[in-house]
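Q: The sequence isn't on hand, but the structure is:
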């Protein structure tokens with residue numbers, strides 16, 4: 001497992017929510033120092049800590065483990081949905097058309 005990449009995704013998700021390390025650590029019931037170590041990829045969190053962090057961030061575990069879990073399509077789907085959410089409807093339709101073309105090759 002690429003613990004550095006997982007830590008970076010935790011940090012990115014935290015920053016997207018505009019949480020400080022202190023905020024997230026308090027919500028996940030861990031110390032700020034421990035969260036910092038996890039985000040830097042120095043240590044892998046225990047499963048209960050990992051779940052607590054994911055729940056506090058409001059994201060799925062597979063989104064954090066995208067390079068580890070073989071069947072992490074939910075994360076790709078979520079990323080696409082997030083990117084398209086603020087696009088004009090015409091642009092969204094174009095992307096859907098492109099995906100249809102790619103899928104039907």
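A: Looks like it arrived, so ask away. In this text the structure is predicted, and so the values were computed from the model without any measurement. Numbering: from 1, shown residues only.
Q: need the helices for this structure, in chain order.
A: For the chain, the helices defined by DSSP state H occupy 3-16, 21-28, 32-39, 47-57, 61-64, 73-84, 89-103.
Q: what stretches of this structure score poorly on pLDDT?
A: Residues of the chain that meet the criterion pLDDT under 70 lie in 69-76, 105.
Q: got a list of what residue 40 touches?
A: By Cβ atoms under 8 Å, 6 or more residues apart in numbering, the contact list for residue 40 reads 4, 7. Every C-beta, even on glycine, is put in place using the N, C-alpha and C of the backbone.
Q: any idea how far it lies from residue 1?
A: Using Cβ to Cβ, to the nearest Å, one gets 15 Å for the distance from residue 40 to residue 1.
Q: okay, the helices of the chain, which one's buried deepest?
A: Stretch with highest mean neighbour count among these: helix 61-64 (a mean of 20; mean count of other Cβ atoms under 10 Å).
Q: what packs against that helix?
A: For helix 61-64, the elements it packs on are helix 3-16, helix 47-57, helix 73-84, judged by 3 or more Cβ pairs under 8 Å, 6 or more residues apart in numbering; DSSP states H and E.
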